[in-house]
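Engineer: Please find the sequence and the predicted model below.
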There are 2 protein chains.
Amino acid sequence: MASQRITDFLATNPVEGPCLVVDLDVVKENFNAFRKALPDSAIFYAVKANPAPEILKLLASLGSNFDCASVAEIKMALAAGVGPDRISFGNTIKKERDVAAADALGVSLFAVDCIEEVEKVARAAPAARVFCRVLTDGEGAEWPLSRKFGCMPAMAIDVLTHARDLGLRATGISFHVGSQQTDTNAWDAAIGDAKFVFEALERRGINLTLVNMGGGFPTRYLKDVPTAQAYGHAIFESLKKHFGNRLPETIIEPGRGMVGDAGVIKAEVVLVSKKSDTDENRWVYLDIGKFGGLAETMDEAIRYPIRTRHDGGATEPCVLAGPTCDSADVLYEKKPYPLPLALTIGDEVLIEGTGAYTTTYASVAFNGFEPLASYVI
Amino acid sequence: MASQRITDFLATNPVEGPCLVVDLDVVKENFNAFRKALPDSAIFYAVKANPAPEILKLLASLGSNFDCASVAEIKMALAAGVGPDRISFGNTIKKERDVAAADALGVSLFAVDCIEEVEKVARAAPAARVFCRVLTDGEGAEWPLSRKFGCMPAMAIDVLTHARDLGLRATGISFHVGSQQTDTNAWDAAIGDAKFVFEALERRGINLTLVNMGGGFPTRYLKDVPTAQAYGHAIFESLKKHFGNRLPETIIEPGRGMVGDAGVIKAEVVLVSKKSDTDENRWVYLDIGKFGGLAETMDEAIRYPIRTRHDGGATEPCVLAGPTCDSADVLYEKKPYPLPLALTIGDEVLIEGTGAYTTTYASVAFNGFEPLASYVI
């Protein structure tokens, strides 16, 4: 739901074209909810979710650390006022010269998931701490999780041993249970895998200390999702179950869960039409689509709540599409989206839960349309 | 294949990070091939394929017209030196204020596909010519064609009658057979539909004069495609078959066919690894992916040729992925891509046929990565 502050902002600041408005008060509430839910875990905000400087500054002031995907994101985090000790270079796919650049900036914590990446880090950042990402199955996640990141737990043992042999500090294990994960038990199997790797390495004289439990914490879209408290409880129970009274240090990396529900996109209905007199569904075209910031509608994965001034009236299922001349720029068609019958050309719509993974996904200028404008209030 | 000019440019201009290089000589050859293949058709270059100013200027000087998707693209075409009489506002989804802006710039040719859009144009550009887009089935096209644009031919009759009734000049019919269309006969059914609408409107006293045959002309990726000459021949035969000796004016709107094979992306191998000791396929990670310009690999639709310094040696199928922390940023996985066994971290790769639909699809800064750099030579 759009906060009062966002509603007031939009009422008093007419913006031409689509725009995202993010409410920092909601971000602060989310940060505090995570801190309360998992008081012993360090929070590393996933900068890629929304790198707006105002968000990074707020989170820095609240004590957050930062999970960065690139040297550019590391520089953004530093600019927000944190030291490099509060930054993790969490991308497992790094150019060696980018590892060196991060090292030069003082960053000393790096993700790896293979021998080859360990070797890059050993050459370019010889004193670094590394954690190895292991594969999980991503079951229960709404945003598809591929096998792109991580290795099998058995291989992680070799990867971290190799890191130690090359003089790096083999520090821990990371995993990711899949974005918009709605099953609070999804962390359990991965925490078990982490314990398996901890034990195997202990037998080789390597004492891991860190479990990076990644992100995956959901935002409320159309369906209710469990609270941060519920995730915190389930995760803590799993940690106790697998690690007993020798609990490791832990990290969480919320991105969507931190900023998703803090943002609302204001858009406009450009056209409402049918393709023939007998067409079952109306087509509703907005001035924002898949290439203007709503990339996560890919395969209709994420279904955003949409508010209009006609809410409460009769609805009918519509095909919802973006404004570009690209036939792939259709948001919801396989499962049409119910919208008010009274919805008409020129109407404003509010697309909720869009604080994460929107502005940065927007294309540079596809069809000549400007990237998504953003206001952080 | 990278032209000699592109090869020389890359050899003498070291660029950090991925970049596209477009050879204007190839664009000129493509333009001349279209002009020769369809000497009686006006060429409207689809600006969205690649709006680089150098490309627009070259095409303007060669006599091309321009198909624009937005007011921003109209301004780019005007800046390239053509008058508004050589510009078509080809997007069927337009804000009324954008129709007015185009009208104020002198543009007088607009695409519509429904009564509602006709009414906008009648209000905002009362003297305009309009053509109505009809739906085709897109069979034979490699880039998915949805039902997003166009209406059924029977509805087009009402749409154009309404346009006439509102004082607009009902000018013709347009269609699009689907991008990367490899069947030269794909235009035939749509030309037949156009003739059907022409006849129906003639009975209402409306004489259409224009058939806009859209784009769809392919670029050579991994498989050979028919020549412009072959398309020209098939299309001309269809026009004669349906329209006899009363041939209409015709327009074609090549985008991919004009610039696709003129461009090559230089990228770098960031990582080559396996997920376990028993993994069948290696994973190859490039410094460009789905969010950095290669959006058309969505659903593995477009399969680009990739050249390396190891070509000719033994290959094996690889999963190919981009550099971002997004698990959806995988280019080819369902059908792995054969790459040289000798391919290694740091190698340069050339991704061919990337002159169209790359730079403008690139995201603003996903994961902090810069948009795709572009050099037009």
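Structural biologist: Yes, it's here.

Engineer: which stretches of the stretch 251-377 of chain A form strands?
Structural biologist: Counting by DSSP state E, counting those that start in this stretch, the stretch 251-377 of chain A has strands at residues A:263-273, A:282-286, A:306-308, A:315-321, A:330-340, A:348-352, A:373-376.

Engineer: Quick check: closest non-adjacent residue to the residue in chain A sticking out farthest from the centre.
Structural biologist: Distance from the centre of chain A peaks at A:D277, with 42.4 Å (Cα atoms, centre = their mean). Here the nearest residue to A:D277 in space, its sequence neighbours aside, is B:M155; by Cβ to Cβ, 6 or more residues apart in numbering or on different chains that works out to 6.4 Å. (Each C-beta comes from the backbone N, C-alpha and C, glycine too.)

Engineer: burial measure for the one you found, as a count.
Structural biologist: Residues lying near B:M155 (other Cβ atoms under 10 Å in any protein chain shown) number 24.

Engineer: Quick one: residues contacting it.
Structural biologist: Contacts for B:M155 (Cβ atoms under 8 Å, 6 or more residues apart in numbering or on different chains) come out as A:K274, A:K275, A:S276, A:D277, B:C114.

Engineer: in which helix or strand would I find it?
Structural biologist: Using DSSP states H and E, B:M155 falls within helix B:153-165.

Engineer: domain ranges for chain A?
Structural biologist: Domain ranges of chain A: A:90-254, A:261-376, per automatic domain parsing.

Engineer: Nearest to B:C19, out of these?
Structural biologist: Among the domains of chain A, the nearest to B:C19 by Cβ to Cβ is domain A:261-376 (14.0 Å).

Engineer: how about low-confidence regions in chain A?
Structural biologist: Within chain A, the ranges that satisfy pLDDT under 70 run A:138-141, A:143-145.

Engineer: Find the closest residue to chain B in the stretch 1-150 of chain A.
Structural biologist: Nearest residue of the stretch 1-150 of chain A to chain B, counting by Cβ to the nearest Cβ: A:A72, 3.2 Å away.

Engineer: A:L201 against A:G172, yeah?
Structural biologist: No - shown here, A:L201 and A:G172 do not form a contact pair, counting by Cβ atoms under 8 Å, at 9.9 Å.

Engineer: Comparing the two, which residue is more hemmed in?
Structural biologist: Legend: neighbour count by other Cβ under 10 Å for A:L201 and A:G172, higher for A:G172 (24 against 21).

Engineer: and the nearest residue to the more buried one once chain neighbours are set aside, what does it touch?
Structural biologist: Excluding its sequence neighbours, the residue lying closest to A:G172 (Cβ to Cβ, 6+ apart) is A:L210, at 2.9 Å. Taking Cβ under 8 Å, 6+ apart, we find A:L210 in contact with A:F131, A:T171, A:G172, A:I173, A:P248, A:E249, A:T250, A:I251.

Engineer: A:L38 is in contact with the last one, correct?
Structural biologist: This means A:I251. No - look at A:I251 against A:L38 with Cβ under 8 Å: they stay out of range, at 9.8 Å.

Engineer: Relative to chain B, which of the strands of the stretch 251-377 of chain A is closest?
Structural biologist: Set against chain B and scored by Cβ to the nearest Cβ, these come closest in strand A:263-273, at 3.7 Å.

Engineer: which parts of the stretch 51-200 of chain A sit against chain B?
Structural biologist: Counting by Cβ under 8 Å from any Cβ of the partner chain, the positions of the stretch 51-200 of chain A adjacent to chain B are A:51, A:68-73, A:76, A:90-96, A:113-117, A:120, A:135, A:138, A:143-152, A:154-155, A:178-179.

Engineer: Quick one: buried ones out of those residues?
Structural biologist: A:51, A:68-73, A:76, A:90-96, A:113-117, A:120, A:135, A:138, A:143, A:145-152, A:155, A:178-179 (16 or more other Cβ atoms under 10 Å in any protein chain shown).

Engineer: Which ones among these map onto strands?
Structural biologist: Among these, the subset assigned to strands under DSSP state E consists of A:C68.

Engineer: Among the buried ones among the residues of the stretch 51-200 of chain A next to chain B, which are located in helices?
Structural biologist: Using DSSP state H, A:V71, A:A72, A:E73, A:M76, A:E96, A:I115, A:E116, A:E117, A:K120, A:M155 are the members of those that sit in helices.
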